[in-house]
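Q: Provided below are the primary sequence and the corresponding predicted coordinates.
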Amino acid sequence: MNVAVKPADTGSDRANAPEVMLDIRNVSLSFGGVHAIKDVSFNIHKGEIRAIIGPNGAGKTSMLNVINGFYHPQVGEITFKGETRTQMRPYVAATQGIARTFQNVALFRGMSTLDNIMSGRTLKMHKNFFWQMLRFGPAMQEEVEHRERVEEIIDFLEIQHIRRTPVGRLPYGLQKRVELARALAMEPELLLLDEPMAGMNLEEKEDMSRFILDVNDQFGTTIALIEHDMGVVMDLSTRVVVLDHGEKIADGTPAEVSSNQDVIDAYLGVAH
Amino acid sequence: MFYREVGQFKTNYTADSQVFPILQDKVGIIAMLVIAYVIIPMAGNDFFITTVMIPFLVFTLATIGLNILVGYTGQLSLGTGAFMGVGAYSCYKLTTFFPDVNIIILVLLSGFFAAGVGIIFGLPSLRIKGFYLAVTTLAAQFFLEWAFIRIPWLYNYNDSGAIEVPQREGFGVILTGAAAQPVTRYLVVLSIVLVMTWIASNIIRGRIGRSWMMIRDMDIAAELMGVRPLYAKLSAFAVSSFYCGVAGAMFVFFWLGAAEVESFDINHSFLFLFMAIIGGLGSLIGCYMGAAFIWILPIIIRALPEALGLDVNAATVEHINFMMIGGMIIFFLIVEPHGLARLWQIAKEKLRTWPFPYS
């Protein structure tokens, strides 16, 4: 089965010495008069599964877009692997090892599953145009090398049977899985998942949860996760940060967060 | 029954990523090559080779160029004719300066001039998408047409304003000009087109081609996965224009023999766009099919009444021709909006399970 997957060592020492992988300090983001994120600070430890939750419009997706450089915050600092910056280009984020999936599946619909996952290897392939033209020698060797890695991911996510299918023809649940495969093909250090279980049935959710835990466990990938299904969030995540109207209202372990009065108010509403 | 991959196992990834992984396809391709290289030169008369095959191949190459841009990278362009013109005029200038150099080398070199011009006119694509980009490529079309008329240096101050192909040799054989044999010209064009198709297929299946398709399908996701739109789009413009430029040079040097600005007008740009759409965007074999559909089919229809012994007025034949081609374009696009290439693909998928589709 999962041949090439070796247990990573990051999982074991996670508890005693948390190393901060991503630190977000006082980030504010606004579009004109709309304040999407207001002075939010939190961090993500290496090797953990960090959930970001909050009611609709809380600024969760905006937060992910800030992290991978798609939005540029007006105020604040982001430190990733010891490097501090106020903003960056998506290309740089990708080279530094940040990958993500999207809330509305953003696969390359005209390409097959295999090509979609191979596209995740783009940054790792370097052979120049002339070798590519001939598709021979070094270029072919590179192509095969990366194909091997991609096949490992295909095995890992159990999508062998749809390798050649154009992704546009796949059912929604599988598309989500291919999108995860594509992000994994980048071999990211930080994986951002934007609602990976949205619109799935129970069985698909369980599959996806299993994959997320396996990715975290076996590849040692740090994961930031946005999810609305509280059961999933409470079961999977190491720590949870709660946003509401662009502000951070709670941060802590799932147990702490679920008993926090502000969080309960934000989700259930309060009498005015 | 006859077309299926049962029993054809692939044991490594190189074998698995071939263009024609199935034996039957390979046999088919070899048969086509034999027809193209042996049977047509031997059996075809000069009319068939000059009027049907050479323009068909040249148009195929131009369509491949356009398809790289529109079908694979998703950047709509209406400047194909003008980029072909750049290739033709630069080949003309090159052969004026270097009359002794093998004309095939000059034809290929002229592609680089077209690529350069393509990059310049591709710059707006970094900001503009879709129909709006198509309008900016119109600027290329109009500007270059203007340049082909207003810069007499380009046509060597010729009074007619046209470029006339001089007699040129390569490998000791006369390749261009009135004295060149149609068969020779045909073989040169065929070889260039086939080699360039092979190269295009290599690029498309590799990293660069994938980054083009990533930009086409979802540019935001592509950017977040490390594709730089600047490089991807401009390289697509460069490669596309290179192909169009080579096609343009061959268009004049191996087929027309003389050309002026009308040969590169916007009608030609539209013609290639239609070929690409009918053949199938994002498909190389579709380029051949689209060019054959638009170029060869009318010739067949035109020759049909005579072959059947019917006495029909030539003008009537031409009218019927227009109606039939127009009708067939509509018919095929309704049946399969993704073009003839997709129809071909569906046919192959059906063939694989025929005659027992549920077994």
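A: That came through fine.
Q: so what pLDDT did whichever residue of the stretch 251-359 of chain B sits closest to chain A get?
A: Nearest to chain A, among the residues of the stretch 251-359 of chain B, is residue B:282, at 6.3 Å (Cβ to the nearest Cβ). C-beta coordinates here come from the backbone N, C-alpha and C atoms, glycine included. Residue B:282 carries a pLDDT value of 89.
Q: residues from chain B in reach of chain A?
A: Residues of chain B lying close to chain A (Cβ under 8 Å from any Cβ of the partner chain) are B:12-14, B:17, B:199, B:202-203, B:205-208, B:210-211, B:213-214, B:216-218, B:220-228, B:235, B:282.
Q: How about the secondary structure of residue 26?
A: Answering for chain A, as no chain was given. Taking DSSP: H, G, I helix; E, B strand; the rest coil as the rule, one finds residue A:26 in the strand state.
Q: look at chain B instead
A: What three-state DSSP gives for residue B:26 is helix.
Q: Secondary structure class of the closest residue to it other than its chain neighbours, three-state.
A: Distance criterion Cβ to Cβ, 6 or more residues apart in numbering or on different chains; nearest residue to residue B:26, sequence neighbours excluded, is residue B:20 at 5.1 Å. Look at residue B:20: counting by three-state DSSP, its state is coil.
Q: likewise residue A:70?
A: Per three-state DSSP, residue A:70 ends up coil.
Q: Burial check on it, number of neighbours?
A: 18 (other Cβ atoms under 10 Å in any protein chain shown).
Q: give the contact list for it.
A: A:90, B:220, B:223-224 (Cβ atoms under 8 Å, 6 or more residues apart in numbering or on different chains).
Q: Buried ones among those residues?
A: A:90, B:223-224 (16 or more other Cβ atoms under 10 Å in any protein chain shown).
Q: is it possible to export these to CSV including pLDDT and secondary structure?
A: What follows is the buried ones among the contacts of residue A:70, written out as CSV (pLDDT from 0 to 100; DSSP: H, G, I helix; E, B strand; the rest coil):
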residue, pLDDT, secondary structure
A:90, 87, helix
B:223, 89, helix
B:224, 89, helix
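Q: Dump those residues into TSV; add distance to residue B:140 as well.
A: TSV is the format used below for the buried ones among the contacts of residue A:70 (distance: Cβ to Cβ, whole Å):
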residue	distance to residue B:140
A:90	29
B:223	26
B:224	31
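Q: Closest one to residue B:86 out of those residues, please.
A: Nearest to residue B:86 among the buried ones among the contacts of residue A:70, counting by Cβ to Cβ, is residue B:223 at 30.3 Å.
Q: Excluding covalently adjacent residues, which one is nearest to the closest one?
A: Distance criterion Cβ to Cβ, 6+ apart; nearest residue to residue B:223, sequence neighbours excluded, is residue A:90 at 4.6 Å.
Q: residue contacts, the one you found?
A: The contact partners of residue A:90, taken as Cβ under 8 Å, 6+ apart, are A:68-70, B:223-224.
Q: Buried ones in stretch B:256-268, by neighbour count?
A: Buried residues in stretch B:256-268 (16+ other Cβ under 10 Å): B:256, B:259-261, B:263-266, B:268.
Q: Name the residues of chain A found near chain B, please.
A: By Cβ under 8 Å from any Cβ, the residues of chain A that approach chain B are A:68, A:70, A:90-91, A:93-95, A:99-100, A:102, A:106-111, A:115, A:118-123, A:125, A:127, A:129, A:132-135, A:139-140, A:143-144, A:147-148, A:151, A:182, A:186.
Q: can you rerun that using 6 Å?
A: Along chain A, the residues adjacent to chain B under the rule Cβ under 6 Å from any Cβ of the partner chain are A:68, A:90-91, A:94, A:106, A:108-111, A:119, A:122-123, A:125, A:132-133, A:135, A:144, A:147.
Q: mind listing what's buried in stretch B:187-194?
A: Buried, per 16+ other Cβ under 10 Å, within stretch B:187-194: B:187-190, B:192-194.
Q: So what touches it?
A: The contact list for stretch B:187-194 (Cβ atoms under 6 Å, 6 or more residues apart in numbering or on different chains) reads B:36, B:54, B:57, B:61, B:175, B:250, B:254.
Q: Equivalent analysis for stretch B:221-233, please.
A: Taking Cβ under 6 Å, 6+ apart as the rule, stretch B:221-233 contacts A:68, A:90-91, A:94, A:106, A:122-123, B:125, B:211-212, B:214-215.
Q: residues contacting residue A:49?
A: A:216, A:223, A:236-238.
Q: go again using 7 Å as the cut-off
A: Applying Cβ atoms under 7 Å, 6 or more residues apart in numbering or on different chains, we find residue A:49 in contact with A:216, A:223, A:225, A:236-238.
Q: Strands - which of these land there?
A: Of the contacts of residue A:49, the ones assigned to strands by DSSP state E are A:223, A:225.
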